[in-house]
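# got a sequence here, can you model it:
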Amino acid sequence: MDFFTPVGLPSGLPPLVQADNLLLMGSCFATNMGSLLVDAKFHPDINPFGVLYNPLSISAALREVVAGKAYKEEDLFFFRECWHSPMHHGDFSSPLMEETLQRINARLLAAHECIHQLDCLMLTFGTSWVYEQKITGHVVANCHKQPESVFIRRRLSVQEIVSDYISLFSGLIARNPKLKVILTVSPIRHIRDGMHANQLSKATLLLAIDQLQASFPEHVSYFPAYELLLDELRDYRFYADDMVHPSPQAVRYVWEKFVQTCFSEDALEIMQESENINKALSHKPFHPESEEYKRFLGQIVLKIDRLNQKYPYLDFQNEKEICHIRLKQ
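Numbers count the residues shown, from 1 in each chain. All right, here's what the predicted structure looks like:
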């Protein structure tokens with residue numbers, strides 16, 4: 001018997017390998033996926049501006065990455081004893097202006113150096129609601145708990161998003177014709193205005209993505225993370241305690257579907273071998289000083305060396321150091 005309606009996974013998404021240059025930007029769901037990619041031996045750049053929720057802030061951040069912008073004092077503001085950037089998450093804020101600028105510019109420079117060599121750009125839209133500064137009319141990425149009176153809150157239109165991203169993607173693809181873009185909608189619910197408003201917001205994002213796919217059929221794909229949680233895992237036990245964010249189990253479920261859809265055969269082999277190595281290293285021996293355990297560690301090192309010969313771009317430095325430290329004990 002079938003107890004749920006399965007979500008059809010898309011075909012034709014770019015097959016990812018660990019050697020690919022990846023950039024992930026968007027909501028905290030993008031951060032979750034990025035962390036799992038790191039565990040699978042990818043080397044993605046994850047949210048160089050911190051968590052971003054709305055499409056206009058994500059596109060503005062990407063344009064600053066492309067331009068190689070260097071932030072200066074006039075790009076920051078001081079509020080509640082910290083220096084902030086309206087384009088960045090609070091993780092970049094600091095009581096010292098110089099420290100805030102250093103954090104921002106270091107991440108921007110690293111992202112800028114790789115932007116035109118990307119194999120895949122993964123963007124996760126969280127909400128179509130935005131906050132515009134009343135004085136400048138600029139959409140901010142983060143309000144940093146400033147009074148609502150300094151902003152105008154509104155919902156983006158489908159056409160507003162589409163027009164912005166047609167311009168953005170056209171420029172990126174012109175510079176990098178091999179670029180593949182994977183768009184997702186975050187399953188995290190934004191329920192401040194109620195469930196109906198949240199659904200309208202998500203619908204706006206979905207309609208915009210549909211038009212972008214039609215405009216760039218060879219480059220832009222959609223992965224149904226939102227539908228997987230709402231349709232296949234439609235139960236509150238798959239949410240965290242706040243009833244808004246997906247539970248770790250739900251994130252893992254969506255991740256497994258992503259792996260099934262987007263990983264190449266080589267990527268799957270590497271991920272499996274990496275998991276086996278880490279499981280072996282997590283094993284606690286009864287006699288760590290024994291020759292038997294040292295032979296066991298030596299076999300792990302040999303397995304890593306064989307993987308590195310087959311896939312030179314893999315980084316097992318941390319695992320090898322653990323083995324060498326234990327061998328000397």
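# residue 302 and residue 320: what is the separation?
Noted for residue 302: a distance of 11 Å to residue 320, by Cβ to Cβ, to the nearest Å. For the C-beta atoms, the positions are set from N, CA and C on the backbone; glycine is no exception.
# how about the helices in the protein?
28-39, 55-67, 97-114, 158-175, 195-215, 225-227, 248-262, 265-282, 291-310, 317-328 (DSSP state H).
# right, and those - which one's nearest residue 73?
Set against residue 73 and scored by Cβ to Cβ, the helices of the chain come closest in helix 97-114, at 6.2 Å.
# check contacts around residue 311.
18-19, 266, 270 (Cβ atoms under 8 Å, 6 or more residues apart in numbering).
# look at it and report its pLDDT.
If you check residue 311, the pLDDT there is 92.
# buried residues, stretch 31-39. List them.
31-34, 36-37 (16 or more other Cβ atoms under 10 Å).
# show me the shaky parts of the stretch 51-200 of the chain.
Counting by pLDDT under 70, the stretch 51-200 of the chain contains no low-confidence range.
# one more time with 80, if that's ok
192-193 (pLDDT under 80).
# ok, now the stretch 201-329 of the chain?
329.
# out of the helices of the chain, nearest to residue 186?
helix 28-39 (4.2 Å).
# want to throw the helices of the chain into CSV with distance to residue 130?
CSV is the format used below for the helices of the chain (distance: least, Cβ to Cβ, whole Å):
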stretch, distance to residue 130
helix 28-39, 18
helix 55-67, 6
helix 97-114, 21
helix 158-175, 9
helix 195-215, 10
helix 225-227, 19
helix 248-262, 26
helix 265-282, 36
helix 291-310, 45
helix 317-328, 40
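# of all those helices, which lies closest to residue 128?
Closest among the helices of the chain, using Cβ to Cβ: helix 195-215, at 4.1 Å.
# which strands or helices does the closest one pack on?
Using 3 or more Cβ pairs under 8 Å, 6 or more residues apart in numbering; DSSP states H and E, the elements in contact with helix 195-215 are strand 120-125, strand 151-155, helix 158-175, strand 180-185, strand 220-222.
# now render those as a markdown table, adding distance to residue 72 and mean neighbour count.
Below are these laid out as a markdown table (distance: least, Cβ to Cβ, whole Å; neighbours: other Cβ atoms under 10 Å):
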| stretch | distance to residue 72 | mean neighbour count |
| --- | --- | --- |
| strand 120-125 | 27 | 25 |
| strand 151-155 | 23 | 14 |
| helix 158-175 | 24 | 16 |
| strand 180-185 | 31 | 24 |
| strand 220-222 | 34 | 21 |
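# burial count for residue 66?
A total of 16 residues lie near residue 66 under the criterion other Cβ atoms under 10 Å.
# please disregard the earlier target; I meant residue 24.
The tally of other residues near residue 24 (other Cβ under 10 Å) stands at 25.
# do residue 271 as well
There are 19 residues near residue 271, going by other Cβ under 10 Å.
# against residue 13, how distant is it?
Following Cβ to Cβ, the distance that separates residue 271 from residue 13 is 17 Å.
# ok, residue 23 next?
Residue 23 is 16 Å from residue 13, by Cβ to Cβ.
# among the two, which residue is more densely surrounded?
residue 23 (21 against 17).
# tell me the pLDDT of the nearest residue to the more buried one once chain neighbours are set aside.
Closest residue to residue 23 apart from its sequence neighbours, by Cβ to Cβ, 6 or more residues apart in numbering: residue 45 at 4.8 Å. Per-residue confidence (pLDDT) for residue 45: 97.
# residue 45 reaches residue 24, doesn't it?
Yes - counting by Cβ atoms under 8 Å, residue 45 touches residue 24, with 7.2 Å between them.
# for PyMOL, what selects the buried ones among the contacts of residue 311?
Of these, the buried ones can be selected in PyMOL as follows, counting by 16+ other Cβ under 10 Å:
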select buried, resi 18+19+270
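# ok, so of the buried residues of stretch 31-39, who is nearest residue 308?
Using Cβ to Cβ, the buried residues of stretch 31-39 come closest to residue 308 at residue 37, 19.3 Å.
# ok, the closest residue to the closest one other than its chain neighbours - how many residues close by?
The shortest distance from residue 37 to any non-neighbouring residue, by Cβ to Cβ, 6+ apart, is to residue 44 (5.1 Å). Applying other Cβ under 10 Å, we find 20 residues neighbouring residue 44.
# then residue 255?
18.
# residue contacts, the spatially closest residue to it that is not a sequence neighbour?
Spatial nearest neighbour of residue 255, excluding adjacent residues (Cβ to Cβ, 6+ apart): residue 36 at 5.0 Å. Contact partners of residue 36, counting by Cβ under 8 Å, 6+ apart, are 251-252, 255.
# repeat for residue 204
Taking Cβ under 8 Å, 6+ apart as the criterion, residue 204 is in contact with 128, 155-158, 161.
# swap the cut-off to 7 Å and go again
Counting by Cβ atoms under 7 Å, 6 or more residues apart in numbering, residue 204 touches 128, 155-156, 158.
# same check on residue 127?
Neighbour list for residue 127: 53-54, 190, 201 [criterion: Cβ under 7 Å, 6+ apart].
# noted, bye for now.
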